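S.K.: Just a sequence and a predicted model for now, questions to come.
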Amino acid sequence: MIILHRLVRLVIVLLVVTFLSYAMLALLPGDPVTQILGIGANDEARAQLRQELGLDEPLLVRYAGWLGALLTGDFGTSPITRVPVAAELAERLPVTLELLVAAQVVALGLAIPVGIAAARRAGRALDQVLTALSFALLSTPVFVLGVLLILLFAVTWQVVPATGWTPISVDLGWNITSVLLPAVTLGCGQLAVYARLLRADLIATLQEDYITLARARGLSPRRILWRHALRPSAISLITAVGLNMGALIGGTVIIETLFGLPGIGRLIVDSIFSRDYLTVQGGVVLISVGYVLVNFAVDVVYAAVDPRIRRA
Amino acid sequence: MAGSGTAHLRPRDEVLLQVEDLVVEFPAGRGRTVRAVSGVSFDLARGETLGIVGESGCGKSSTARALIQLPPPRAGSVRLDGVELTTLRGEALRRTRRRLQMIFQDPISSLNPRRRVRDIVAEGPRVWGAAAPVNGGVNGGVNSGVNSGGAGRADGGGLDERVDAVLEAVGLDPRTAAERRPHEFSGGQCQRISIARALILEPEVVICDEPVSALDVSVQAQILALLEDLKARFGLTLVFIAHDLAVVKNVSDRVLVMYLGKTCELAPSEELIARPAHPYTRALLASIPGSGLGLPPADRLISGEPPSPVSPPSGCRFRTRCPRAADRCAVEEPEIRPLNGGDHFVACHYPDI
Amino acid sequence: MRRRLGLGFWIATGWIALVLAAAVLADVLPFARYDETLAGPPQTGPSAAHPFGTDGLGRDVLSRVVYGARVSLGVGIGAVVLGLAIGAPLGVLAGYRKRAADAVIMAVNDVALAFPALVFALAVVAFAGANLRNVLVVLGVLGVPAWTRLIRGATLSFAEREFVLAARVLGVRDRRILWREIMPNVAVPAASYAFIGMAVVVVAEGSLAFLGLSVQAPTPTWGGLINEGRTLMETAPHVVLAPSVVMFLTVLSFNLVGDRLRALSDVRQSGLEPVRQAVAVLPAAEPRPVAGALLQVEDLRTHFLTPRGAVKAVDGVSFTLERGKTLAIVGESGSGKSMLIRSVLGLLPGTGVARGGHVHLEGDELTAFTPEEMRQVLGRRLGTVFQDPMTALNPVRTIGTQVAEPLRVHLGMGRGQAREEAARLLASVGIPDPARMLGRYPHQLSGGMRQRVTIAMALSCGPDVLFADEPTTALDVTIQDQVLRLIHRLREERDMAVVLVSHDLSVVRQWADEVIVMYAGRVVERGTAADVFERTRMPYTEALLQAAPRLTDPAHHRLRVIPGRPPDLAAVPDGCAFRPRCAYAQDRCAEQAPPLLSEGGHLHACWYPTGRTMTENEGADSHGR
C-alpha cells in the first residue's frame, strides 16, 4: 500500500524532473541553434539543425517524443562530436559510479567510528577534538580540500598521482591509486555531515529512558550501544545518506574536473564549454533520474528498517 | 455507555450555555474518521461550575475545543445566551468567541516565550479596543470589579492599569511580573498568567482544560483556590475538565462523566460521589486509591483496556469492560434518563440504584 | 544570552564583519587594483608590500581576494535574501493554513528537493550566461525549497502550541497572530539558517566559479582564484592557499554563527553540555551495616556540579528495607525522589556528579562494586520500572527480543528457551496471547500493556528488590489500579521488596508499608504508612495531605494552600529548607537545620513538629489489598 503510494509519487517526480531537464534547455534565453553553431552560420545549416533538434514543434510534443526516445535508450546524437550521447554516457558512467561508491565507503567507514567515539565520550576532550575537526571539515569547500590534498599528497610527498584515471579493466592496483585521492576528497565533506549527525543522534538516543532501563538491567555498555542505541540512530543515518546524495553528485562534477577523471560530471562541464547542448541535457537527465531513484531506494530501505513506519 | 439523549437538559431560558448532540470527528488516516465526541449534550447555568471527567480518549478535551469552535464540531449545537455558535462564521464568530475563554493544561506551552507578561495579558483588550467588555457588567465584570470606574479603558494608561489590576487579582505582583517573560516563572505562576489573560476580557464562560494536571499538589491547591476565589468575586461560569475525580469534585457543582465520546452520568457532585449509578463511574471511583467510599475493589468493577475509538463497540460503549453487561447492551444504546425523577441522570440499562 | 553564544561566535562575527568591510571598501584600500599586472614581481611570496604575495602575472593576491569577496558575499547575501523572500511566505502559508495549501506547497517542494541542485545550477548558468545576476538568481531560487521547509516546520511547531490557540480564543485576527505570536518565534531558527545558507551559497558560488561558470574574468572570484592558482601549485603555492584559507575561514564563520544561533533555540542541545569535571566523592560516615536488612542505604549523597554551583539532588538519605515490604518515597517534583533511586542503582551520568554514602544489598556494599560487578547485580537482583511506558521500551526492537534479553545475558538461556520463558513472563503480568505479543513492536501496544511489559522485563531474573519510579503516573486511573495491584501481587508471590516512588499521596497511602517524605533532597519524615499519614509530625507532610483534594471532602471544600514553591536545589536556604513556606516556622528554623530525630521508629526533621492526629479519614479502607 505504502510502496504503491511511493511508486506513484516516484513516477510523478520522474516526469517532472525529466520535463524540467528538457524544458530548461529548450526554453532558456538564446537560440540553441545560434549557441551551437555560432552567429556566423548560414541559414541552411541553421534550418537543418533546427529540424535535427526538432525545434519546430510545440514544447510538450517535443518533450513526449524526446521522452519516448529516452525510454528506448536514445539520447540523441551530439551535433558537435557526432557521437551518440547514450554511448558517451555509458562510457563515462562507471567512472562516476565508482567515485560515488568509493566516496560513500570512505565517508561512512570513517563517520561511524568517529560518531560513535564522540558520542560515547560526549563533552570530553576526544569528543571536542572530533567535533571541532568535523565542523572544520564541514566548512571546507570540496575544491579547496581537493587542492590542499593534491598539494600535500601529489605535489609535496608524491605518493599518488595528481590527476588521471586507470579503469579497473586495465589494472586494479592503479585503478585504486587513481580513485583514492578523489574519493577521500569527496568523502570527507560527507564524513563530517554523517559523523555530526550520528553523534547528535546517538547522544539523544543514549539519554532515552529505554537506554537507562537497559543499564538498569545490567547490560554491558557494548551491548547497549550495538543492540539498543545504534539501530534507531542508523535509521537517521540512512535518511542523511539519501538527502546528501545531491551534494555528493554535485561534488563529482568538481572532483572529476579537479582530478581529470573521465566521468559524467566532467563530460557535462566540457560539453558546456563546447556548447554541446544535447550531451549536457543527457548528462543532467541521467544524474537527476539517478538521484531520484537513489532517494526512492533510501525511502524503501528506511521503511523496511523502521517498524514504526512499516506498520503505520 | 454511552449514551445519547437530552433528557438531562434544562429549559433554554434558564441556562447560559447549552450544548446539544455535539459530534466531533478527526481524520484517522486512510479515509477513516474517529468520532472523538459522539452526541454529547449538557448545559450550564450562570455562575455554575460543570466538571467534565473521564480518562484519556473520552473526548473531554475535544468537547472543550468544540465549544470555542476550534475546530467547529461536525454536528450539534452550542448556544451561548441564545446565540448559536456553530453557524457563525468569520467576524461574527470572532466577536462571539471572546465571550468564552480558555485555560490550558500545559502552562509553559500556553504562553508565548518571546512576549512579556504585560503584552500577553494586554493582547485581548488591544485587539478589542474600547469595545472590550462584552457583557456590560452583567456579572459585575472583572474590570469594574478591580478597576474602579471604567473610564479610559482602552487608552494606553488605562490599559496598563487594567493589566496591573488583573495580575494582582490572580496573585502576581505587577511591579515585578509584568515586564518579565514566561520562562522566568514557575508552572503555577504561568497558569496564573493564563488565567489573567482570560479574565481581562470579562468572559461569560471560562473553559479550564486540565488546568492543574501538570502541577504539583501544593501548587494545584493554590490554583484551585484561586479559581474558586475568582469565581466568587466575578461571578464566573466555569467548565472544568480533568481526569482526576477528586479535583473535579472539589470545584464543581455538577459533574459529567464521559467514556469514549459518550455521556455516562450527570449529577450534582456530592450526589455523584455518594451514589454513583453508572458502572463506569463506580469503577472510576473504586480505582482511586484510598477513596474511602466503601465500593468493591476496582478489579471487580472494570476489566481490560479501553477499545479503539476508531471502531467503538456497538450498543453501549462500556459493555466490553462492564461486569453487568447483558445481551441488550450490545444491541441497544442506552438513552440518558433521570434517576428518582431528580437531578441525577444516567445512561445505562442496568444502573446501580 | 550573550554568554551562551560563546567566544567562537564573536570571533566568527568579527571575521565576517572584517571581510564584509574589506569588500565594501576595496576601492579605497591601499593596494594595487586586482587587474594591475606587474604590481610586483610575479609569483613572489608574502611580503610587506604584498601581504598575500603576487600571482603569475605579478598581480597583488590580497587585492584579488578582497575583490573576490565582493562576488562571494554579494551572491551569498543576495541569494539568501532571495530564497528567504520567496520561501518564507510559502513556508508560513503552508505551516499556518495547513490542509490544501500545505499539501500543494509541500508536494511541489518535495519534487523540487529531488533535484541535484548544483548540477542544475551548472546547466542553467551555462545556458543563461555566466554573470552575477544569473548566478545569484539561480542559487537563490535553488535555496527556496529548503527555506520553505524550514519556515513551514518552525511555523507548524508553533501554530499548534496552546498560546496560538489562546490568541484565537481572545479573538485575535490571523494576521496579528502571525506577526505577534509566530514570527518572533520563527525568527531565531530563520536567522540561524540564514547564516548556514550563506555558507552553502558561498561554497556553491565558489564551485561554479571554480568551473569557470560564475562571474567572468577579469573580475576575480574566490573559486576562480583557486582554479587559477592550481597551475602554480608547485612553484607558488601561496597563490592558491591565500584564497583557499580566506574562503575556508569565511565559510567556517558563517557555519559557526548559524550553529550557535541554532543552539540558542534548541533546548535539547543546550542541555547536552555537561560541566566537565571528574567524578568527585563526597565524605561519608563509615558504613554500619544493619543485620537482617535486604537493602540498606546510608547517608547517600548525589550532587550535580553545574555552573550555578552544586545542585544537591540527594543530600544524606538513609533507610533500610526488608523482604516482602513496600517502601514508598514521596515528594513533589524536584524533591530528589527519582534521583535517589538512580543513585541507589548507580545510574548517574558519568561526568559532573559528586556522590557519597553507602548502599548495601544483603551485606554486599554496592557502592564499592566495579561496573562489571554492578552489572551482575542490576537486572538480576535489582529490577527497575520507570514512569513513562512510551519511552521505556526500545521502539525498533520487538517485545520478544527485549523481554528475552536479560534472560539470555544474565541467565545464559538459549534463544528458544528464552522465548518460552519470555512468553511465560508476559502471561504472568496479565498480557493476553503472550506468544503473539513477542513479535510485536512497542508502538502497537497501549500504555497499560507497555507498562506490563516493562514489569515483566524487570522481573525476568527474579530480583530481590523492584524499583518502581512513578510507575503509573502516565496511566489512566483504572489502568493505574490494575498495574499497582499487579506489582503488589508479584511482590507477594516472589517475596520481593518494592521501592515505590510517587508524587501521589493516595497511591502511597494505599500500597506502602513504610514511607519516606522527601523535600529539597532530604528526608523530612520517615515511618510506617500509619505513622506518616495518621500521626503526621512534619508540617510539610501535613500541608501536603491537606492540599490534596479528597473524594470524601464536601464539594468546594477549602484546600490548604502552601505558599511559595520548593527551593532551588543549588541554593537551599540555611536552616530548615521548608521554613519559608511553613506556617509554624520560628526564628530557630532559620538558624539551625533540624536533625532527623526518631520517636519510636517514626522519624521527622522539625524543631516544632505538629502533634495533630489525623483521624477523620483514617483507615481509608485497605480493601484493595
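M.R.: On my side now, so go ahead. Treat the numbers as computed from the prediction; the structure is a model and nothing was measured.

S.K.: which ones are touching C:L484?
M.R.: Taking C-beta atoms under 8 Å, 6 or more residues apart in numbering or on different chains as the criterion, C:L484 is in contact with B:289, C:471-472, C:507, C:510-511. Just so you know, the C-beta spots here come from the backbone N, C-alpha and C atoms, and that holds for glycine as well.

S.K.: for the record, mean pLDDT for the strand or helix carrying it?
M.R.: Of the helices and strands defined by DSSP states H and E, C:L484 is found in helix C:477-494. Here the mean pLDDT over helix C:477-494 is 92, rounded to a whole number.

S.K.: What's the local residue count around C:Y608?
M.R.: Other residues lying near C:Y608 total 15 when counted by other C-beta atoms under 10 Å in any protein chain shown.

S.K.: With B:R74 instead?
M.R.: 17.

S.K.: List the contacts of it.
M.R.: With contact set as C-beta under 8 Å, 6+ apart, B:R74 has these partners: B:23-25.

S.K.: If you rank the residues you listed by neighbours, which is first?
M.R.: When the contacts of B:R74 are compared by neighbour count (other C-beta under 10 Å), B:V24 ends up highest, at 23 neighbours.

S.K.: pLDDT at it, what is it?
M.R.: B:V24 carries a pLDDT score of 94 in this model.

S.K.: wait, it sits on B:S62?
M.R.: Yes - at 4.5 Å, B:V24 counts as touching B:S62 under the criterion of C-beta atoms under 8 Å.

S.K.: okay, and the common contacts of these two?
M.R.: Both B:V24 and B:S62 are in contact with B:36-37, where contact means C-beta under 8 Å, 6+ apart.

S.K.: So which of the contacts of B:R74 reach chain C?
M.R.: Among the contacts of B:R74, no residue is within reach of chain C (C-beta under 8 Å from any C-beta of the partner chain).

S.K.: Point out where chain A drops to low pLDDT.
M.R.: Under the criterion pLDDT under 70, the flagged ranges of chain A are A:1-2, A:25-41, A:52-56, A:309-312.

S.K.: buried ones in whichever strand or helix holds A:L97?
M.R.: Element membership of A:L97 [criterion: DSSP H and E] is helix A:85-120. Neighbour-count burial for helix A:85-120 flags A:85-86, A:88-89, A:92-93, A:95-96, A:98-100, A:102-104, A:106-108, A:110-112, A:114-116, A:118-120 (criterion: 16 or more other C-beta atoms under 10 Å in any protein chain shown).

S.K.: Would you mind identifying the next helix or strand past it?
M.R.: Criterion used, DSSP H and E; the element after helix A:85-120 is helix A:125-138.

S.K.: quick check: angle from that next one to helix A:85-120?
M.R.: 150 degrees (axes from the mean of the first three to the mean of the last three C-alpha atoms, to 10 degrees).

S.K.: between the contacts of C:L484, which has the most around it?
M.R.: Neighbour counts for those (other C-beta under 10 Å) peak at C:P471, which has 29 neighbours.

S.K.: starting at the chain centroid, how far to the helix holding A:L97?
M.R.: A distance of 8 Å separates the C-alpha centroid of helix A:85-120 from that of its chain, computed with C-alpha atoms, centre = their mean, to the nearest Å.

S.K.: what about the helix or strand containing B:E270, near chain C?
M.R.: Assigned by DSSP H and E, B:E270 belongs to helix B:269-274. Yes - using C-beta under 8 Å from any C-beta, we find that helix B:269-274 touches chain C at B:269-270, B:273.

S.K.: so A:V289 makes contact with A:L14?
M.R.: Yes - the criterion here is C-beta under 8 Å, and A:V289 meets it with A:L14 at 6.4 Å.
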